[in-house]
Structures are given as C-alpha cells and as structure tokens.
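In: just need the structure, nothing else, for what follows:
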Amino acid sequence: ASSLSSYFLIISYSREPLGQTGDGHFSPVAAYHEESDMVLIMDTARFKYPPHWVPLPLLVKAMQKADKQTGQPRGYMKLRRASGDGSPSSSVLFVMTLRKDFDESALRDIRRFFASVKAEKIRKEDESVGTVACATCSNDGLELSAYVSCFFSAVPSELLNAVSTVVHEFRVDPDDFDNVRPKYQETVSELLTDIRVLPVFPHVEVAAQKQEHRLGSILKAKHGLELLTVLLLASPVEDLSSDCGSRVDRVMRESEEGASEIVRNEIKALRNQLWTVFRPRTTE
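Out: So this is what the prediction gives:
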C-alpha cells in the first residue's frame, strides 16, 4: 500500500477507458494489490464515484489517453508533505504558485526566456567569447549590481507573479505570525537573517529601487526583498548578459555556495519547482 511510503501518488487520467462519465481527472492512489494487480483510486469526486479498485493495465491505458488541449498523454505525480524545516526537498518560506490568470501564453514566455538565455550562453561559448568589459558594469566595479538590475528588468513579469511566500498563500495575517508554531517561526527567522547577509542581497536592494515599477507588488509583500534574492539565485539561468561576463557567473556561484545550509536548501527547493514547470521544451 502507498501508506507505507512517505510519498503520495497522484494520477492524471481519462475517465472514459474506465467506463465513467467525464474525461480528464486527478485522484490520489491509496493502495496496490499485487495478487489481483489492482489499484485503489480515492476519487476526489466522491459524490460521483466512491473509492474503487481498477486493474492496473486499464489505469495505464487511461493515463496514456491524450489530453485534448495539449495533445500529450497524462501521467502521475509523486508528492510528499513538505517538512518546513529547510531540508533539501522542502521550501521553508518561498514557493511557486500558478494563479488563475496564468495561462499557456505565460508559460511559453517564461520557457522562452530560460531557453533563450541558455542558447545565448552556448553560442558565446562556441564562439570562444571571453570576459567582456561592460562600461556600465565596470564603473566603480558594479558588475553584480548591473547584472541583478538586468535580471529583474528582463525576467518575464509572469515569473515574478508566480512566486510567493507560504505565509501569504495560507492567508496567514503577518500580524498573527506569532501564533504560528514557535519552531517554524525560528526557522523562518534564521532563513531571513541568513539571506540578508548574502553578498548579493545589497545588490538586490539597489536593483529593487531601480525596478520599483516592475517589482512593486512583490516589494509591498512581507519579505519581498528576501523573496527576490532567492528567486534570483534559484532561477536556472547560467548567464543573463555577456556584458557582465564570467565575473558575475563566479560571484553568483560563490553567493550560493557560501550561503548557509538552510538558504542553499531554500534555493534548491524553489529551483526544482521552477525547472519542473518551466524547463524549456524543444518545440517552443
């Protein structure tokens, strides 16, 4: 049974092969009976279908049926409860949230952004382009500030709108945060403190002032600057601008590698979420 595992299995399938009304649907799997090769589906629409057993081969067929909108087969997801303790698989505070107005156009824009950055990086390497001195970056040694400002001016607004905090998403009033369990408060406090001492954090503050018109909604939220810092480091972008060159690549890597464990894990957790959804597709 799946209860013996720390993971939860969520299946995306078509009801039609199962002889049920409707088509696309999501439900969790509760158990697998090896002798009968049957799967127990805990149908989320219990008013229509109570929990029921389905032959595994039939369920596979239902997951393989193409979705009418995407033309792609369905499948399954492995999920597990976030511990909220800063472990590598768990976000303490910052999460990705796709809201109701997020559509296919927004998804394509973000994927193209990451794809174009990657393609540009490969092109430069193929052409053996070395470190390029940028007049803007070189003034007073502001390479990193220029890069951060460049990132927040170029990143799609849809991506900025796709990140938030657990406190916001669970509708916890910041003034009532003291009522949240003490251990979590301590973990959040440690995370925020460690983010603020990162070498890149002051550059995010400077960039935020310059890009206030684009970042206003995030900056108004509690912990907005810290969120932007984690988003910057978590975004799967190797290099945004040849003008800033490999010097910024090095500093950005050092910012992450030199961070505390709880910050590194927060970055990795958000990066995994971003890359799972926004990984560039070859067809886009």
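In: C-alpha from now on. contacts and neighbour counts both.
Out: Fine.
In: in the stretch 151-284 of the chain, which spans are helices?
Out: Per DSSP state H, counting those that start in this stretch, the stretch 151-284 of the chain carries helices over the ranges 157-160, 166-169, 182-196, 201-210, 212-220, 224-234, 245-257, 261-278.
In: mean neighbour count added to those helices, as CSV?
Out: Conversion of the helices of the stretch 151-284 of the chain to CSV gives the following (neighbours: other CA atoms under 10 Å):
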stretch, mean neighbour count
helix 157-160, 18
helix 166-169, 15
helix 182-196, 15
helix 201-210, 18
helix 212-220, 15
helix 224-234, 21
helix 245-257, 17
helix 261-278, 20
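In: worst mean pLDDT among these?
Out: Lowest mean pLDDT within the helices of the stretch 151-284 of the chain: helix 166-169, at a mean of 55.
In: could you check the helix or strand hosting residue 32 and say which residues are buried?
Out: Under the criterion of DSSP states H and E, residue 32 resides in strand 24-33. For strand 24-33, burial by neighbour count (16 or more other CA atoms under 10 Å) applies to 24, 26, 27, 28, 29, 30, 31, 32.
In: between those residues, which is nearest residue 73?
Out: Distances from residue 73 to these, taken as CA to CA, are shortest for residue 24 (10.7 Å).
In: got the confidence number for residue 238?
Out: Residue 238 is given a pLDDT of 52.
In: sorry, back to before: please name every helix or strand in contact with the strand holding residue 32.
Out: Identification of packing neighbours for strand 24-33 by 3 or more CA pairs under 8 Å, 6 or more residues apart in numbering; DSSP states H and E yields strand 8-14, strand 38-41.
In: next, the angle from that strand to strand 8-14.
Out: 130 degrees (axes from the mean of the first three to the mean of the last three CA atoms, to 10 degrees).
In: skipping adjacent residues, who's closest to residue 9 in space?
Out: Nearest residue to residue 9, sequence neighbours excluded (CA to CA, 6 or more residues apart in numbering): residue 78, at 4.8 Å.
In: the stretch of helix or strand the one you found belongs to: what's the following helix or strand?
Out: Element membership for residue 78 (DSSP H and E) is strand 75-79. Downstream of strand 75-79, the next assigned helix or strand under DSSP H and E is strand 94-96.
In: neighbouring strands - and their directions - for that next one?
Out: According to DSSP bridges, strand 94-96 has the following sheet partners: strand 163-165 (antiparallel).
In: of all the helices and strands packed on strand 24-33, which one is nearest residue 151?
Out: strand 8-14 (35.3 Å).
In: which other residues reach that closest one?
Out: 2, 22-30, 59, 62-65, 74-80 (CA atoms under 8 Å, 6 or more residues apart in numbering).
In: the inter-axis angle of it versus strand 75-79?
Out: Here the directions of strand 8-14 and strand 75-79 differ by 160 degrees (the same axes, to 10 degrees).
In: what is the burial count for the nearest residue to residue 65 once chain neighbours are set aside?
Out: Distance criterion CA to CA, 6+ apart; nearest residue to residue 65, sequence neighbours excluded, is residue 73 at 5.4 Å. Neighbourhood size, residue 73 [other CA atoms under 10 Å]: 16.
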